[in-house]
Every structure is written in C-alpha cells, then in structure tokens.
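A.B. asks: Provided below for reference: sequence and predicted model.
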Amino acid sequence: MALVPTTTPTINNGPLIAEVDMGSDSNAPTVRATVVQASTIFYDTPATLDKAERLLAEAAGYGSQLVVFPEAFIGGYPRGSNFGIIIGIRTAKGPEVDRLAAMAGKYKVHLVMGVIERDGYTLYCTVLFFDSQGHYLGKHRKLMPTGMERVMWGFGDGSTIPVFETPLGKIGAVICWENRMPLLRTAMYAKGVEIYCAPTADAREVWQASMTHIALEGGCFVLSANQFCRRKDYPPPPEYVFAGTEEDLTPDSVVCAGGSVIISPLGNVLAGPNYEGEALISADLDLGEIARAKFDFDVVGHYSRPEVLSLSVKDHPTNPVTFASTSTKS
C-alpha cells in the first residue's frame, strides 16, 4: 500500500448486478447510481486501482452516472492488522489520485472513492470526489475515527465536510460511524445534500436502520457501499490476526459481509442490501422524490425551530500551531 505526501490527497472479477428501476417523473431528472461492494487487494495499490477501474468500467457500461466505492477501498480497511511498527510501505509520490481522476473522466462518471490518505506523517480515512470530466473536486476526512481506529488515523476537521453541486445533484459523503453523529448529519443537511454517500465497514444488519433513518431525516438519497471480504483477501498471520476467531476461520470464511444498499428519501430500499458477495448494486434515483420528501419533513427548514435549537459549525482548518507575526515598517 502506497502512502505518500502531496498537496492533493495521497492514497494509501465479474461482479453481480442488481437493478431496481424507481420509475420516472417527467418533471425531475433521474440519475443512475451504483454502489460497489468488493474487496481491496491488500498491500497492492496498483492492483487495487486496476480492480477499481474494471468495476468502474462495468458500472459505466451499465449506464451509471455516479459510482460510490467503500470506505478505505484504496489502501484497505485494516481489520485484523496488528500494526506492530509499520502502518504501510511509503514510496515516492504516486499517481493514485491522478489515475482516479483519469478513470472518472474516461468513463464519464462521477466517482466517490474511499481511500487511506497520508498528510505529513499522519494517516486519515478519507473520501475523494471526482466529476465526470476527470476533475478532482475535493475530499472529506473522517471527523471521528471509531474505536481503535484512533490508534492509526488522525481526526478530520470542519474544513473537509463539503457538499458538491454537480449536474447530478448535490453530493456529499459521511464515513461509517460518523453517520451516528447527529450534528454532523445536520451540517450536511444544511448544506443541501441530495445524494448522501455513506462508505462504511459496518456489515451488521442494524446498519440498515441507520441508513433508512438518515434518508428519512435528511430527505435525501442514501448510497452506502461496503467491502465484501473473505479471510483469504487479507494477509496471513501474524501480520493480520482476527482476535478470538482466527483459529476458526478458513480461507473462504466471510469477515466482512457487505450489506451495501441504496435508499430513497421516502425510506424505501431501492437496491440491496446485498450480503452474497462482490456486486454492483444499482438504482435509478428520481430526484423529484427529494422535494416530495421535504414537503413532509424538512429538518433544516420548517422543522428546524432555530429560536429553540441551533448549530454552529467551524468550517475552517484547525491547525495545532498558529503564528501571530508582527512586522515593522521603516
């Protein structure tokens, strides 16, 4: 896995296809979206990029305009890693971000990709955004790494919680258990997110309840992408050890079961959840449903009650060191 510094973020086989057609509304555009459920190729970023391109090409060939990959797809979610002294292999500045941009432009799709980013000597769990012209739009860094993730990943700040206005709608992303943070969700709703991407590593059935709630709460489409991994997808012990279960695992044992899903603003499951294997999970998003949902419940509009409840978001970088410099003019 390549972990390298740069001014832009640096990032450390025939899937099944499930389709649901929502129907169309002549007064609102329809967007075909796909969430990718597949495994990283651990410790091999070039091979993972090749796999990402194969999946992206297949989704584009299926007519997808927006493709969302899982949390930490490039770089790998380190489930089971002991992190003795080395987090990853550092190389010279790599082409990963440029290649992802080129892939988005080549296949004319908007791309949302979960990566492991290195900035200086700190790793971040990050989502990168690219438009269909091959332009890098920006990133979201996970604000709050979950549990032991805090041992290896740094904390994002308010400067990387963007919502991008695109021809497909307003797109943003919140990563894994950040989705349980009500104030972060509220900030996303206030920015007008319409297509809410939720890359994750949580394959439990209870995750589906959170995704449905967010769709209803925000009046937005929710696209959740998770990896599907078997033990054989990970490096062997002692580098990766699944505590308490390693001795019971076979190479084909499932250690991350997926559960990727697409949900409408009215809380309807449009595609998924899939727990069967690697898959491309697609649905047509009728953006007219957003307005219909918000007429019922607009969490930052007629249901907001700002005279009682309010939220202040610090959306500037929070640097650990600042300098107050004075200059003397002669």
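C.D. replies: Ah, there it is. Computed from a prediction, not measured in an experiment: that's the story for all the values here.

A.B. asks: All the helices of this protein, residue numbers only.
C.D. replies: Ranges of helices in the chain, per DSSP state H, are 45-61, 96-107, 182-190, 206-218, 288-296.

A.B. asks: Which among the ones you listed is found nearest to residue 174?
C.D. replies: helix 182-190 (6.3 Å; CB to CB). Using the backbone N, CA and C atoms, a C-beta is placed for each residue, glycine as well.

A.B. asks: so the closest one versus helix 288-296, what angle?
C.D. replies: 120 degrees (axes from the mean of the first three to the mean of the last three CA atoms, to 10 degrees).

A.B. asks: helices and strands around helix 182-190, which ones?
C.D. replies: helix 206-218 (3 or more CB pairs under 8 Å, 6 or more residues apart in numbering; DSSP states H and E).

A.B. asks: Let's see that with 6 Å instead.
C.D. replies: Helices and strands touching helix 182-190, by 3 or more CB pairs under 6 Å, 6 or more residues apart in numbering; DSSP states H and E: there are none.

A.B. asks: mind checking how far that helix is from the chain centre?
C.D. replies: Averaging C-alpha positions (CA atoms, centre = their mean, to the nearest Å) puts helix 182-190 16 Å from its chain's average.

A.B. asks: do the same with stretch 234-243
C.D. replies: Centroid separation for stretch 234-243 versus its chain: 25 Å, with CA atoms, centre = their mean.

A.B. asks: And for stretch 286-298?
C.D. replies: Mean-position distance between stretch 286-298 and its chain equals 23 Å (CA atoms, centre = their mean).

A.B. asks: cool, and stretch 125-141?
C.D. replies: On CA atoms, centre = their mean, the centre of stretch 125-141 falls 10 Å from that of its chain.

A.B. asks: between the helices of the chain, which one is nearest to residue 316?
C.D. replies: helix 182-190 (13.6 Å).

A.B. asks: isn't residue 177 right up against residue 147?
C.D. replies: No. Contact criterion CB atoms under 6 Å: residue 177 and residue 147 do not qualify, at 8.4 Å.

A.B. asks: what about those two, which has more around it?
C.D. replies: Between residue 177 and residue 147, residue 177 has the larger neighbour count (other CB atoms under 10 Å), namely 18 against 7.

A.B. asks: and that one, what does it touch?
C.D. replies: By CB atoms under 6 Å, 6 or more residues apart in numbering, residue 177 lies in contact with residue 146.

A.B. asks: could you redo the last one with a cut-off of 10 Å?
C.D. replies: The contact partners of residue 177, taken as CB atoms under 10 Å, 6 or more residues apart in numbering, are 142, 144-147, 149, 200-202, 207, 210.

A.B. asks: which residues of the chain score low on pLDDT?
C.D. replies: Along the chain, segments meeting pLDDT under 70 span 1-26, 80-94, 327-330.

A.B. asks: mind listing what the spatially most central residue of the chain touches?
C.D. replies: The centre of the chain sits closest to residue 199, judged by CA atoms, centre = their mean, with a distance of 3.3 Å. Going by CB under 10 Å, 6+ apart, residue 199 touches 35-36, 68-73, 77, 112-115, 125, 127, 140, 142, 173-176, 179, 223-227, 260.

A.B. asks: Next step: those residues restricted to strands.
C.D. replies: The strands, defined by DSSP state E, take in 35-36, 68, 112-115, 125, 127, 140, 173, 223-224, 260 from these.

A.B. asks: okay, now the nearest residue to residue 314 once chain neighbours are set aside: neighbour count?
C.D. replies: With CB to CB, 6 or more residues apart in numbering as the criterion, residue 314 has its nearest non-adjacent residue at 4.7 Å, and that residue is residue 158. Neighbourhood size, residue 158 [other CB under 10 Å]: 14.

A.B. asks: Would you mind confirming that residue 158 makes contact with residue 187?
C.D. replies: Yes. In this structure, residue 158 is within contact of residue 187 by CB atoms under 10 Å, at 8.1 Å.

A.B. asks: Determine the residues that are contacts of both of these two.
C.D. replies: With CB under 10 Å, 6+ apart, residue 158 and residue 187 have common neighbours 313, 315.

A.B. asks: List the buried residues of stretch 240-260.
C.D. replies: For stretch 240-260, the neighbour count (16 or more other CB atoms under 10 Å) marks 240-242, 249, 254-260 as buried.

A.B. asks: CA atoms only for that stretch, dumped as CSV, please.
C.D. replies: The C-alpha coordinates for stretch 240-260 follow below in CSV (Å, rounded to 0.1, in the frame of the first residue of the first chain):
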residue,chain,number,x,y,z
TYR,A,240,-3.3,-9.9,10.2
VAL,A,241,-4.9,-11.8,13.1
PHE,A,242,-8.6,-11.8,13.7
ALA,A,243,-8.6,-11.9,17.5
GLY,A,244,-10.6,-14.6,19.1
THR,A,245,-11.7,-16.1,15.8
GLU,A,246,-8.6,-16.7,13.7
GLU,A,247,-8.3,-20.4,14.6
ASP,A,248,-11.9,-20.9,13.4
LEU,A,249,-11.5,-19.2,10.0
THR,A,250,-11.0,-20.9,6.7
PRO,A,251,-9.7,-19.1,3.6
ASP,A,252,-13.3,-18.8,2.4
SER,A,253,-14.7,-17.5,5.8
VAL,A,254,-16.5,-14.2,5.3
VAL,A,255,-15.0,-11.5,7.6
CYS,A,256,-16.9,-8.5,6.1
ALA,A,257,-20.3,-9.4,4.7
GLY,A,258,-21.2,-6.2,2.7
GLY,A,259,-24.7,-5.1,3.1
SER,A,260,-24.4,-2.3,0.6
